[in-house]
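Enquirer: Okay, predicted coordinates and the sequence, questions at the end:
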Amino acid sequence: MAKAWVSRPLGMFSGADQTRNFRELAAIFPCRVVRRSEPPSRFARGTPLQLPASYVHDGRTSSSAALLAGTETAGLLVWQRGALRYERYFLGVTRSTQWGLWSITKSWVGSLVGVALAEGAISSLDEPVTRYVPRLADSAYDGVAIKHVLQMSSGARWDEAYWDASSDIRAAGRALAQGESSRGDIARGLQREHDPGTYHRYSSIDTHVLGMVLRRATGQPLHEYLREKLWQPLGAESDAFWIVESDGREWAAAGLSATLRDTAKLGVLYARDGVWNGQQLLSPQWIRAAQTPDAPHLTPGPRASSAATFGYGYQWWLPDASGAFCAMGIYNQFVYVQRELELVIAKFSAPRNYAAGSGAEHFLEPEHMAFFRAVAERCS
């Protein structure tokens, strides 16, 4: 039973130490529990990996240790070809600590769409979201294909500028904390900025709309669908927690807390073409489509048709043309996948200076991609 909605602020962009908040979200917010698997599936131990001492980004060589310390890394895990090669924890975090995944949650929700599609609960990604959620008629989402929402190309006007107190994402957070509205209400009020399927704009509300579609298509709450279709089949070692809003529904875009090992298992599932212990949990077709930019506005690199330099798939970021893809959350949470090497890197962080200014250079996502590529080179 979830506790009543609380409005205790996290002070997310105040520059304060967030370590305690990120590991105690289930005590701060009402949550649903995603029960662990019995028995759990534990990673085997592989050949220990020595992290690269440095990496190259934008033509300069930087220290790996400095990046990990500077971003206040709470946990780092490297899995390759069936076994753990590196696993360390910091800041009082352990392998059993449930940590806020933030927008890594989006990649779990996108994967549930893949399950629902394979099982026929969703007939086609070309269907409009309003077939499942009629209340979005006359909003920016009216008639928009599920696929375009998956690809953050809904065309809805939205500002996800975390550093700007007047942005849509910050205003929505304040309204939700005060119990004034749900994200479903916010989605209904959005206006269209671009034709659907023509412009990539990262939007947490797009993922919340996917959550609305999943609930109607499957007839299940998101936490139950996740438990049944992915969490328990993946042999999760620990419970996860999913924040719910004042209406009792899960925060689809960023509400999960889980351990680093269990978080990494989503990357392992994708690295293994959707197969876990001989069971096909996601189809190979979905795995390929999820990491394939199938239109110019989704292709990595600077382009007029995107607000981001990274490319985008089905709720996965495509940082470059290497074939790697990545789930990312604010404050430098990552699940990085390089399928050719059957490699997964997962990282938890809590840098207090995150979003200290405007622009991606303050978030250090490109810097992390350079570090992850250096790790991948060490594993090749």
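Expert: Structure's in. What do you need?

Enquirer: Please determine how far residue 214 is located from residue 186.
Expert: 18 Å (C-beta to C-beta, to the nearest Å). For every residue, glycine as well, the C-beta is placed using N, CA and C.

Enquirer: Likewise for residue 35?
Expert: For residue 35 relative to residue 186 (C-beta to C-beta), the value is 30 Å.

Enquirer: So for the two, which sits in the more crowded spot?
Expert: Between residue 35 and residue 186, counting by other C-beta atoms under 10 Å, residue 186 is the more crowded of the two (19 against 14).

Enquirer: Can you name the element that comes right after the host helix or strand of the more buried one?
Expert: Element membership for residue 186 (DSSP states H and E) is helix 183-188. Counting by DSSP H and E, the next helix or strand C-terminal to helix 183-188 is helix 204-218.

Enquirer: what sits against residue 322?
Expert: 338, 373 (C-beta atoms under 8 Å, 6 or more residues apart in numbering).

Enquirer: was I right about residue 306 contacting residue 199?
Expert: Yes - when contacts are counted by C-beta atoms under 8 Å, residue 306 is listed as touching residue 199 (6.8 Å).

Enquirer: any common contacting residues for these two?
Expert: Common neighbours of residue 306 and residue 199 (C-beta under 8 Å, 6+ apart) are residue 297.

Enquirer: Neighbour count for the two, which is higher?
Expert: Taking other C-beta under 10 Å, residue 306 and residue 199 do not tie; residue 306 has more neighbours (22 against 19).

Enquirer: which non-adjacent residue is nearest that one?
Expert: residue 200 (4.0 Å; C-beta to C-beta, 6 or more residues apart in numbering).

Enquirer: residues near the one you found, how many?
Expert: The number of residues near residue 200, taken as other C-beta under 10 Å, comes to 26.

Enquirer: swap in residue 150?
Expert: 27.

Enquirer: Then residue 46?
Expert: Residue 46 sits with 15 neighbouring residues when counted by other C-beta under 10 Å.

Enquirer: right, and it touches residue 87 too?
Expert: No - taking C-beta under 8 Å as the definition, residue 46 is not a contact partner of residue 87, at 10.4 Å.

Enquirer: Got the phi and psi for residue 256?
Expert: phi -80, psi 140 (degrees, to the nearest 10).

Enquirer: wait, what's in contact with the residue nearest to residue 306?
Expert: So residue 200 contacts 151-153, 297-298, 305-308, 312 (C-beta under 8 Å, 6+ apart).

Enquirer: ok, 6 Å please
Expert: 152-153, 297-298, 306, 312 (C-beta atoms under 6 Å, 6 or more residues apart in numbering).

Enquirer: Quick check: the spatially most central residue of the chain vs residue 348, distance?
Expert: Geometric centre of the chain, nearest residue: residue 104, 1.8 Å, by C-alpha atoms, centre = their mean. Distance from residue 104 to residue 348, counting by C-beta to C-beta: 10 Å.

Enquirer: Now do the shared contacts for the two.
Expert: The contact lists of residue 104 and residue 348 share residue 333, where a contact means C-beta under 6 Å, 6+ apart.

Enquirer: hmm, back to that, confirm for me that the residue nearest to the centre of the chain is in contact with residue 330.
Expert: No - using C-beta atoms under 6 Å, residue 104 makes no contact with residue 330, being 9.8 Å away.

Enquirer: Need the three-state assignment for residue 314.
Expert: Residue 314 carries the three-state label coil when classified by DSSP: H, G, I helix; E, B strand; the rest coil.

Enquirer: Count the neighbours of it for me.
Expert: 23.

Enquirer: gap between it and residue 246?
Expert: For residue 314, the distance to residue 246 - C-beta to C-beta - is 29 Å.

Enquirer: hmm, back to that, residue 250 versus the residue nearest to residue 306, what's the distance?
Expert: In terms of C-beta to C-beta, residue 200 sits 25 Å off from residue 250.

Enquirer: Next, the buried residues of stretch 238-254.
Expert: Of the residues in stretch 238-254, 238-246, 249-254 count as buried by neighbour count, 16 or more other C-beta atoms under 10 Å.

Enquirer: farthest-separated two in the residues you listed?
Expert: Across these, the longest distance by C-beta to C-beta is 26.8 Å; it joins 238 and 246.

Enquirer: hang on, residue 376 packs against residue 340?
Expert: No - between residue 376 and residue 340 there is no contact under C-beta under 6 Å: 9.0 Å.

Enquirer: Looking at these two, which is more packed in?
Expert: Neighbour tally, residue 376 and residue 340, criterion other C-beta under 10 Å: the higher count belongs to residue 376, 20 against 11.

Enquirer: quick one: contacts for the more buried one?
Expert: By C-beta under 6 Å, 6+ apart, residue 376 lies in contact with 338, 341, 343.

Enquirer: and the closest residue to it other than its chain neighbours, what are its phi and psi?
Expert: Nearest non-adjacent residue to residue 376, counting by C-beta to C-beta, 6+ apart: residue 338, 5.1 Å away. Backbone dihedrals for residue 338, given as degrees, to the nearest 10, come out at phi -120, psi 100.

Enquirer: Distance of residue 338 relative to residue 220?
Expert: Distance from residue 338 to residue 220, by C-beta to C-beta: 33 Å.

Enquirer: Looking at those two, which one has more neighbours?
Expert: Counted by other C-beta under 10 Å, residue 338 and residue 220 do not tie: residue 338 has more neighbours, with 23 against 17.
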